[in-house]
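# Only the shape, not the letters, is given here:
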Ligand code: R5P
C-alpha cells in the first residue's frame, strides 16, 4: 500500500511536492480551531496499516505541537502502521544547556515530547551544537539531512568568486562543507551572544579576499542580529555587498526587513520554512531520505 502524506496547516505545498516525489497519496484532514481556541482534528483518508508521514516544520513550535500531537494520536487510533514526522526545521535545539541558574534544558523536554508520539523523525540541519547526535535527546530513530550540497550548488551556479563566511565557531561544520563542495575559500568568525537581540561578532580579516563576493552562511536566521552585525563589519572593508544564505528562515518579527536594509545584496534561504527568500528547494533531499 502506498504511504500517505499529511500536511499540518501551512505545510501544504511542501507536503504535496514530497508526496509527488515519493509517489505517495496526500491525506485529507480537517484541522481547525473550535471557537474556544481548542484544536479539532479529523482524518478523512483511510490510514489502516499504512505508513503515514506528517509534514510539519516547527518554526513557532508552541502553536504547532498540539495539532501535530493530536494528528499523530488520531492516525494511530485509526490503525496507521507508523507515523513519521518530517520537520524540515526542528525547534528548541538551541537551549541545549543551563546557561543561567534556574533554567530548564528545553531541547531535551521538547525531544521527549516529540519522541512520545512520533515513531520516526526526519529533519534538516538541526542545531546540534553541544549535542553531537540526535540520539542524545531523541529516543526515536532520527534521520538528519544536510542542505550543504544544495547550498554549494546554489553558490557555484549563482555567485562569482565567493568567499564564504561563517559567523561563529558552530557554523564551521557546515560552512567548511559548503565551501569544499563549492570550491571556495572560507573564514569563520567568533560570536558572543549578550542577549536575545544582542550579539558581537569579530571583525573579519578579509585583506586577501578584497575581490571576492562575501557570502554569509548560517543554519538559522532568527533575529538576524548575527548576520546584521557581520554585514556591518564587511561594509567597512570595502568589499562588495554580501549575500546572506540561511538554511532556516525563522525571521523573528521584522528581522527579514532589517537584514535587507542592512546593506546586503541578497538574502537566500532553503524552503525548510516557507518564506519569500526561499530559493533553495529541499523537496528532493527529503524525498530521497524517506
Ligand atoms: C546559533 O548560534 C545559530 O547558528 C545562529 O547563528 C543563530 O541562531 C542566529 O540567530 P540570530 O539570527 O537571532 O542572530
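Yes, it's here. Worth saying up front: this structure is predicted, and the values here are computed from it rather than measured. Numbering: from 1, shown residues only.
# anything in the top strand by length along the chain near the ligand?
Looking across the chain with DSSP state E, the single longest strand is strand 213-221. Yes: under the criterion of CB under 6 Å from any ligand atom, the ligand is reached by strand 213-221 at 218-221. From N, CA and C alone the C-beta is placed, and that goes for glycine too.
# Which members of the residues you listed are the farthest-apart pair?
The largest separation in the residues of strand 213-221 next to the ligand, counting by CB to CB, is between 219 and 221 at 8.7 Å.
# Can you pull the residues of this protein lying near the ligand?
Going by CB under 6 Å from any ligand atom, the residues of the chain near the ligand are 167-168, 170-171, 199, 218-226.
# could these go into JSON lines alongside neighbour count, distance to residue 262 and pLDDT?
Output for the residues of the chain next to the ligand, formatted as JSON lines (neighbours: other CB atoms under 10 Å; distance: CB to CB, whole Å; pLDDT from 0 to 100):
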{"residue": "167", "neighbour count": "23", "distance to residue 262": "13", "pLDDT": "94"}
{"residue": "168", "neighbour count": "20", "distance to residue 262": "18", "pLDDT": "93"}
{"residue": "170", "neighbour count": "18", "distance to residue 262": "22", "pLDDT": "87"}
{"residue": "171", "neighbour count": "23", "distance to residue 262": "18", "pLDDT": "90"}
{"residue": "199", "neighbour count": "19", "distance to residue 262": "13", "pLDDT": "92"}
{"residue": "218", "neighbour count": "24", "distance to residue 262": "14", "pLDDT": "96"}
{"residue": "219", "neighbour count": "26", "distance to residue 262": "19", "pLDDT": "95"}
{"residue": "220", "neighbour count": "23", "distance to residue 262": "17", "pLDDT": "96"}
{"residue": "221", "neighbour count": "28", "distance to residue 262": "12", "pLDDT": "97"}
{"residue": "222", "neighbour count": "20", "distance to residue 262": "15", "pLDDT": "97"}
{"residue": "223", "neighbour count": "21", "distance to residue 262": "12", "pLDDT": "97"}
{"residue": "224", "neighbour count": "28", "distance to residue 262": "8", "pLDDT": "98"}
{"residue": "225", "neighbour count": "23", "distance to residue 262": "10", "pLDDT": "97"}
{"residue": "226", "neighbour count": "25", "distance to residue 262": "11", "pLDDT": "96"}
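# re the thing from before, who touches both of residue 219 and residue 221?
The contact sets of residue 219 and residue 221 overlap at 246, 248 (CB atoms under 8 Å, 6 or more residues apart in numbering).
# and residue 26, what does it touch?
Neighbours of residue 26 in contact, by CB under 8 Å, 6+ apart: 4-7, 15-16, 19.
# go on, residue 81?
Applying CB under 8 Å, 6+ apart, the residues near residue 81 are 49-52.
# Repeat that for residue 27.
Taking CB under 8 Å, 6+ apart, we find residue 27 in contact with 4-7, 43-45, 47, 52.
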